[in-house]
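Chemist: need coordinates for the below:
(one chain, ligands or ions: 1)
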Amino acid sequence: MLPYGRQSIDEDDIAAVAEVLRSDWLTTGPAVSRFEEALQDRTGAARVVTATSGTAALHMAYAGAGVTRGSQVVTTPMTFVATASSALALGAEVVFADIDEGTANIDPAAVSAVVTDRTQVVAAVDFAGQPAEMDEINAIAHGVGAVTVEDAAHSIGSTDDGRPVGSLADLTTFSFFPTKNMTTAEGGAVASLDPTVGQRVHEFHFIGLVRDRSRMRHPDEGPWHQEVHEWGLNYRLSDVHAALGLSQLRRLDRFKARRADLFARYQEELSGIDGVRTHTVRDGVDPTWHLYPVRILDGRRREVFDKLRAAGIGVQVNYIPVYWHPVFEDLGYRRGMCPNAERFYSEEISLPMFADLTDDQQSQVIDALRHALRS
Ligand SMILES: *Cc1c(COP(=O)(O)O)cnc(C)c1O
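Modeler: Residues are numbered from 1 along each chain as shown. Here you go, the predicted structure:
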């Protein structure tokens, strides 16, 4: 089965990992610092803190943004459940704002309609790799004293008007899961524009340990003295994973270029076909495309999905609206609240999209889709 996404690993990646295994530092070592600095350069953020996953990165970003029991977090239902459930983990009340029906990104007008002076965070998602409309969302969020989080699990390397993802929101989170644009096996990161917030994010992912003498509350106990002022977890990425990340980051531009070619060919070849609708791309964005979402019209999504799977094409659906998950249903959320997201979900199929997908494989996907629609 041709997968919808997969990693691209080369001999340099393998050598980079092997080198760390022979070194003194398996974790909290120089590869982690080098990876964080390289991500800072790439994103233009003031501080980047790596994490054990994209989900951990979201938990860290919300903690850094001051989300606590009773805080309101406004987000999109058209995302992986972690964007919202990691805010629940801090006791937040999650409020869903509907998507723009063309881009599947959160609609600024819908955000504007639900924010209040209790909103602590507005969290957008760069669906498929296309940056959310952060200029408008920042203005709305900052207008009510809230912080913006951009879940960029799909979009490392994307730009909007030439500005890199990582510099568009107060806090940006990344995932380095194997299907994403680059991988560390499991891993993630938080980019922060404010270094003080970045330090809070760092401490949250490091058990809350404070080691700066000038901030200590108690007299020095000796060289072993350290303090915890706020609780934290251990979400540290290891040097083994960071070395893979550094090596992958060097090829991100190549991955991006190949994904852009695949996206352009899908758009071109599918745009003329009856019964499908291609994805809307905003002016000014230059995405690293993580997904190729196509809409199957006339109620035929399930049928076409099953036919593609039967033809050996490992298609996926992204995503079940987040509030349909029982964890949200049990809190009282009901179907029907975000009609654009529900409609998008009912039509969407993600076609194979990854850097090592060959032209022949892409032809096979397009032929199989044409065939499924005709039969
Ligand atoms: C993958 C993903 C996550 C979670 O990342 P993990 O590394 O799998 O924990 C969060 N949000 C979105 C939009 C994702 O695609």
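Chemist: domain ranges for this structure, per the record?
Modeler: What automatic domain parsing lists as the domains of the chain is 11-249, 252-374.
Chemist: what is the burial count for the residue in the stretch 1-150 of the chain that the ligand sits nearest to?
Modeler: Taking C-beta to the nearest ligand atom, the ligand has its nearest neighbour within the stretch 1-150 of the chain at residue 54, 2.4 Å off. Glycine gets a C-beta too; all of them are placed from N, C-alpha and C. Around residue 54 there are 27 other residues, counting by other C-beta atoms under 10 Å.
Chemist: that one contacts residue 179, doesn't it?
Modeler: No: between residue 54 and residue 179 there is no contact under C-beta atoms under 8 Å: 11.1 Å.
Chemist: put the alpha carbons of the lengthiest strand in the chain into PDB.
Modeler: Across the chain, the longest stretch assigned as strand under DSSP state E is strand 119-125. What follows is strand 119-125, C-alpha atoms only, in PDB (Å, rounded to 0.1, in the frame of the first residue of the first chain):
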ATOM      1  CA  THR A 119      -9.800  34.400  26.300                       C
ATOM      2  CA  GLN A 120      -6.200  33.500  27.200                       C
ATOM      3  CA  VAL A 121      -5.200  32.000  23.900                       C
ATOM      4  CA  VAL A 122      -6.400  31.900  20.300                       C
ATOM      5  CA  ALA A 123      -4.800  28.800  18.700                       C
ATOM      6  CA  ALA A 124      -4.800  28.500  14.900                       C
ATOM      7  CA  VAL A 125      -3.600  25.500  12.800                       C
END
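Chemist: which residues touch it?
Modeler: Applying C-beta atoms under 8 Å, 6 or more residues apart in numbering, the contact partners of strand 119-125 are 58, 62, 65-68, 71-76, 78-79, 83-84, 87, 92, 95, 105-106, 111, 115, 132-134, 137, 140-141, 144-151, 153-154, 169.
Chemist: now the strands for the stretch 151-300 of the chain?
Modeler: 159-160, 163-164, 171-175, 188-192, 209-210, 227-228, 276-277, 285-286, 292-296 (DSSP state E, counting those that start in this stretch).
Chemist: deepest of those, which one?
Modeler: Most buried of these by mean neighbour count (mean count of other C-beta atoms under 10 Å) is strand 188-192; its value is a mean of 31.
Chemist: could you tell me how many residues sit around residue 245?
Modeler: Applying other C-beta under 10 Å, we find 28 residues neighbouring residue 245.
Chemist: list the contacts of the residue lying closest to it once chain neighbours are set aside.
Modeler: With C-beta to C-beta, 6 or more residues apart in numbering as the criterion, residue 245 has its nearest non-adjacent residue at 4.2 Å, and that residue is residue 184. With contact taken as C-beta under 8 Å, 6+ apart, residue 184 is in contact with 176, 237, 241, 242, 244, 245, 248.
Chemist: quick one: residue 184 and residue 210, what's the gap?
Modeler: Separation of residue 184 from residue 210 (C-beta to C-beta, to the nearest Å) stands at 27 Å.
Chemist: which among the contacts of strand 119-125 are in contact with the ligand?
Modeler: 79, 83, 151, 153, 154 (C-beta under 6 Å from any ligand atom).
Chemist: so what pLDDT did the last one get?
Modeler: What that stands for is residue 154. The predicted local distance difference test score for residue 154 is 98.
Chemist: go ahead and confirm it touches residue 291.
Modeler: Yes: taking contacts as C-beta under 8 Å, residue 154 lies within contact range of residue 291: 6.6 Å.
Chemist: higher neighbour count, those two?
Modeler: Shown here are residue 154 and residue 291; by other C-beta under 10 Å, residue 154 has more neighbours (28 against 24).
Chemist: tally of neighbours for the residue lying closest to residue 44 once chain neighbours are set aside?
Modeler: Excluding the flanking residues, the one nearest residue 44 by C-beta to C-beta, 6+ apart is residue 167, at 3.8 Å. Other residues within reach of residue 167, judged by other C-beta under 10 Å, total 18.
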